[in-house]
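Student: Dropping a prediction and its sequence here:
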Amino acid sequence: MLDQITQDKLNDAANLLLDQIPQAKELTTILAEEHFAPIWKITCGVLLAAHLEGRLSAFYLDPAWEDGLRQKESICKHCGKTFEPINIAQPYCSNKCGLAATEASLYSVNPPALQTDEPTPEIPETLEEGSKALELLRKKKQPQNDPDTHTTEPMPVGTPIVDGDSGWADVDLAGVD
């Protein structure tokens, strides 16, 4: 014998679907309360309205749904605490844990792209030391003229222009109208 379809089972099914879209669940719950209708009827009514307006053929598949269904409880991958996730497949209980986990992974690995022969510079303790270090870096990276091709590397933003230098030093404007 088949199970009977009841209001409670329909509401449970609608709630299970709406758990996957919290914003829609909030609005659907408000509509159900305002119109004194069960949540399953509001859910079906929204689908029917979309169909009648010709909008049911356009849909959106949330990429997060590939990770699975929204769970009521999850375990933080950083601290191990049980929490109620806001998003599907949310790995951390808070921004604090997410940032801590990211920092831990960044500092535990030294990718080849970040390896250089130059020593890591010390962090200046005062504004004056920082200004001096910045000035040294700027001097170190000054553009070099190539006399063979008469080209110049692009000048970094903030490089001062020398008085009388129009930027057209290699161009002979004699005889040009």
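Tutor: Cool, got the structure. Residues are numbered from 1 along each chain as shown.
Student: Let me see the domain layout of the protein.
Tutor: For the chain, automatic domain parsing gives the domain ranges 7-60, 65-107.
Student: Comparing those domains, which yields the minimum mean pLDDT?
Tutor: Of all the domains of the chain, the minimum mean pLDDT falls on domain 65-107 (a mean of 81).
Student: Of the domains of the chain, give the one that comes closest to residue 127.
Tutor: Among those, domain 65-107 comes nearest to residue 127, with 25.7 Å by C-beta to C-beta. All C-beta spots, glycine's among them, are computed from the backbone N, C-alpha and C.
Student: Mean neighbour count added to the domains of the chain, as JSON lines?
Tutor: Below are those laid out as JSON lines (neighbours: other C-beta atoms under 10 Å):
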{"stretch": "domain 7-60", "mean neighbour count": "13"}
{"stretch": "domain 65-107", "mean neighbour count": "13"}
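Student: Include distance to residue 126 when you put these into JSON lines, please.
Tutor: JSON lines is the format used below for those (distance: least, C-beta to C-beta, whole Å):
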{"stretch": "domain 7-60", "distance to residue 126": "49"}
{"stretch": "domain 65-107", "distance to residue 126": "25"}
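Student: so which of those domains gets nearest residue 137?
Tutor: domain 65-107 (23.1 Å).
Student: Verify the contact between residue 78 and residue 102 for me.
Tutor: No: counting by C-beta atoms under 8 Å, residue 78 stays clear of residue 102, with 9.4 Å between them.
Student: Helix, strand, or coil at the spatially closest residue to residue 9 that is not a sequence neighbour?
Tutor: Of all residues not flanking residue 9 in the chain, residue 3 sits nearest, at 7.8 Å (C-beta to C-beta, 6 or more residues apart in numbering). On the three-state scheme (DSSP: H, G, I helix; E, B strand; the rest coil), residue 3 is labelled coil.
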